[in-house]
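**Student:** kindly return the folded structure for what I paste below:
(one chain, ligands or ions: 3)
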Amino acid sequence: WKMTLSKICCIGAGYVGGPSCAVIAQKCPDLTVTVVDLSAHRIDQWNSDTLPIFEPRLDEVVKACRGKNLFFSTDIDKGIREAELIFICVNTPTKTFGWGKGRAADLKYIESAARRIAEVAQNSKIVVEKSTVPVKAAESISNILSANVKPGVKYQVLSNPEFLAEGTAITDLLNPDRVLIGGEPTGEGSEAVKALSWIYEHWVPKENIITMNTWSSELSKLAANAFLAQRISSINAMSAICEATGADVDEVAHAVGTDSRIGPKFLKASVGFGGSCFKKDVLNMVYLCECLNLPEVAAYWQQVIDINEYQRRRFTMRIVQSLFNTITNKRITVLGFAFKKNTADTRESAAIHVCKYLLDEGAHVQIYDPKVPRDQIMSDLTMAEITDQPERVPELVTICPNAYEAAEKSHALVICTEWDEFQTLDYQRIYDKMLKPAFIFDGRLLLDHQQLMDIGFKVETIGKRLNRDQAKLVRTHANSTS
Ligand code: UDX
Ligand code: UDX
Ligand code: ADP
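**Tutor:** Numbers count the residues shown, from 1 in each chain. Ligands and ions are numbered 1, 2, ... in the order given. Below is the predicted model:
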């Protein structure tokens, strides 16, 4: 293998492939980076002024390199033929039918990308799996490639999982905690690892590039996501105890997080985690354990998912109970539909499930999100797994252009996403538009609850009890200690 590369290709122009290749192109002017995709629409968007995904600073990075050393194309075969190194960044959804349905990852897109490479490659390639995949996927890719290999062509398959989080993709890519590269423990394997490492060394300190065997690398990615999801389920489980006892989950999180062995990050209680990775990867882990005949370990990780679903149900049940046990025909405002702030992505968003429960009870839901398009919300709420009466959804759901219109004549306001702009809304104006008593359910511990209660709102949030008498107490206490 040549130590220095000149052309690389990325199959899959999604949330992972697009931003990571844009950053590689920016940091490696000596490389030509081509991102290819089956979807002509996606590629057109990448080549336009309106990129297919919203990510802070992504625009400037793409604009700086596009047409120079960064190209987006539907010519998959040309991309593969010309590249010395190929990233596979295709989607790996959870299987919806057959063995492992609902848990195992569907590798059909990975397999078809691997078969395509085997078919068109005319010289040796380093193939890098970047999509999060079940342990031993690199082996499957390797098997497909070697079963279809042409004379004179050799392959090295590496695992290089991506740890970027949506909403902070560019910052994460520019300053990764670490880059993980897994390869075969052979001479050729380690040459391939060096070649990939060379790309990252353009901007990542060498000591932050960790190399290991392929299976460790694949499992590490699943493990990291499972640990992160577990922390959120742990603090969410605490929030239920806090609500029952009068403890305050933010205070508990702060106290626990100051233990240097635990650390302060990822301890924010919420209405539940979402996103394309956590649920999928934990379920993958559960399925892996079942296949390996480790039922106790499978049950341990399954609990992380169960608590997350419980948290969404519990939160919505509190809304119904507070609104005098019926929300049928009541108007409820939902602020935020994305699975977290600074992204338009709604995959596995807690908001989908909160809305589902509200709609099941016959409520009228008025939704506002700063970034998620109307069609996306409607298609999420009409998915077969969410409703068996999709025709009712357009009757019951209104998508609003701003928070104030969404609050019109509503009984309750429900915060599902922690968008910054929700902190600076004019809540007096919102209060005036709402029916009384006006409720706020803060599913993200985002707002100034004291200020809201002073306006007259009845406020409920995750992991603490708030009511007017308690609020007075809080205030007296705060005054006496200040
Ligand atoms: C623990 C808490 O650390 C301490 O803050 C609290 O006040 C009392 O309980 P202790 O039980 O004395 O302290 O020891 P600790 O170092 O926490 O170890 C507990 C057990 O966990 C030991 O058996 C230790 O061997 C084991 N352990 C610890 C592991 O198996 N793996 C680890 O990574 C860390
Ligand atoms: C995650 C991992 O962080 C990333 O390393 C991996 O590559 C992909 O999966 P992502 O899903 O994009 O990234 O976002 P993340 O910031 O991890 O948030 C996931 C969900 O957890 C969001 O719904 C978020 O709101 C929620 N969350 C996060 C909490 O509820 N509390 C927290 O303390 C942190
Ligand atoms: P991720 O979040 O993992 O990046 P996305 O769904 O955002 O996933 O993106 C994956 C992309 O991969 C999609 O745009 C899809 O069209 C593309 N894709 C899937 N299979 C192939 C394939 N065999 N060849 C080229 N592109 C593919």
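
**Student:** ok, the closest residue to L381 other than its chain neighbours - how many residues close by?
**Tutor:** The spatial neighbour of L381 that comes closest, neighbours along the chain excluded (Cβ to Cβ, 6 or more residues apart in numbering), is V393 at 5.1 Å. Where you see a C-beta, it was placed from the backbone N, CA and C, and this is true even at glycine. If you count neighbours by other Cβ atoms under 10 Å, V393 ends up with 21.

**Student:** so which strand or helix has V393?
**Tutor:** When secondary structure is defined by DSSP states H and E, V393 falls within helix 393-396.

**Student:** in that helix, what counts as buried?
**Tutor:** If you call a residue buried by 16 or more other Cβ atoms under 10 Å, then helix 393-396 has these buried ones: 393, 396.

**Student:** which strands or helices does it pack on?
**Tutor:** In terms of contact count using 3 or more Cβ pairs under 8 Å, 6 or more residues apart in numbering; DSSP states H and E, helix 393-396 is assigned the packing partners helix 374-381.

**Student:** try 10 Å this time
**Tutor:** Helix 393-396 is packed against helix 350-360, strand 364-368, helix 374-381, with contacts defined by 3 or more Cβ pairs under 10 Å, 6 or more residues apart in numbering; DSSP states H and E.

**Student:** any chance of these in a markdown table, plus mean pLDDT, distance to I170 and mean neighbour count?
**Tutor:** Listed next are those as a markdown table, based on pLDDT from 0 to 100; distance: least, Cβ to Cβ, whole Å; neighbours: other Cβ atoms under 10 Å:
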| stretch | mean pLDDT | distance to I170 | mean neighbour count |
| --- | --- | --- | --- |
| helix 350-360 | 97 | 25 | 23 |
| strand 364-368 | 98 | 26 | 23 |
| helix 374-381 | 98 | 22 | 17 |
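
**Student:** how about those, which one is nearest ligand 2?
**Tutor:** Taking Cβ to the nearest ligand atom as the measure, those were each checked against ligand 2, and helix 350-360 came out nearest at 6.6 Å.

**Student:** who does the closest one touch, helix- and strand-wise?
**Tutor:** Taking 3+ Cβ pairs under 10 Å, 6+ apart as the contact cut, helix 350-360 packs with helix 295-322, strand 331-335, strand 364-368, helix 374-381, helix 393-396, strand 397-399, strand 412-415.

**Student:** quick one: it near ligand 2?
**Tutor:** No - contact between helix 350-360 and ligand 2 is absent, the nearest approach being 6.6 Å (criterion: Cβ under 6 Å from any ligand atom).

**Student:** what about G246, how many residues close to it?
**Tutor:** By the criterion of other Cβ under 10 Å, G246 has 9 neighbours.

**Student:** ok, the longest helix seen in the chain near ligand 2 or not?
**Tutor:** Of all segments of type helix in the chain, defined using DSSP state H, the longest is helix 214-245. Yes - Helix 214-245 lies in contact with ligand 2 when judged by Cβ under 6 Å from any ligand atom; the contacting residues are 225, 228, 232.

**Student:** okay, domains of the chain per the record?
**Tutor:** Structural domains of the chain, as assigned by automatic domain parsing, span the residue ranges 7-204, 307-481.

**Student:** would you turn those into TSV with distance to M285?
**Tutor:** Formatted as TSV, the entries for those read as follows, by distance: least, Cβ to Cβ, whole Å:
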stretch	distance to M285
domain 7-204	9
domain 307-481	14
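
**Student:** so which of these is nearest N236?
**Tutor:** Between N236 and the domains of the chain, the tightest spacing by Cβ to Cβ is seen for domain 307-481, at 4.5 Å.

**Student:** that closest one near ligand 3 at all?
**Tutor:** No - using Cβ under 6 Å from any ligand atom, no contact is recorded between domain 307-481 and ligand 3, whose separation bottoms out at 8.1 Å.

**Student:** how about the helices and strands packed on helix 393-396 in JSON lines, adding distance to E129?
**Tutor:** Compiled in JSON lines, those are given as follows (distance: least, Cβ to Cβ, whole Å):
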{"stretch": "helix 350-360", "distance to E129": "29"}
{"stretch": "strand 364-368", "distance to E129": "37"}
{"stretch": "helix 374-381", "distance to E129": "28"}
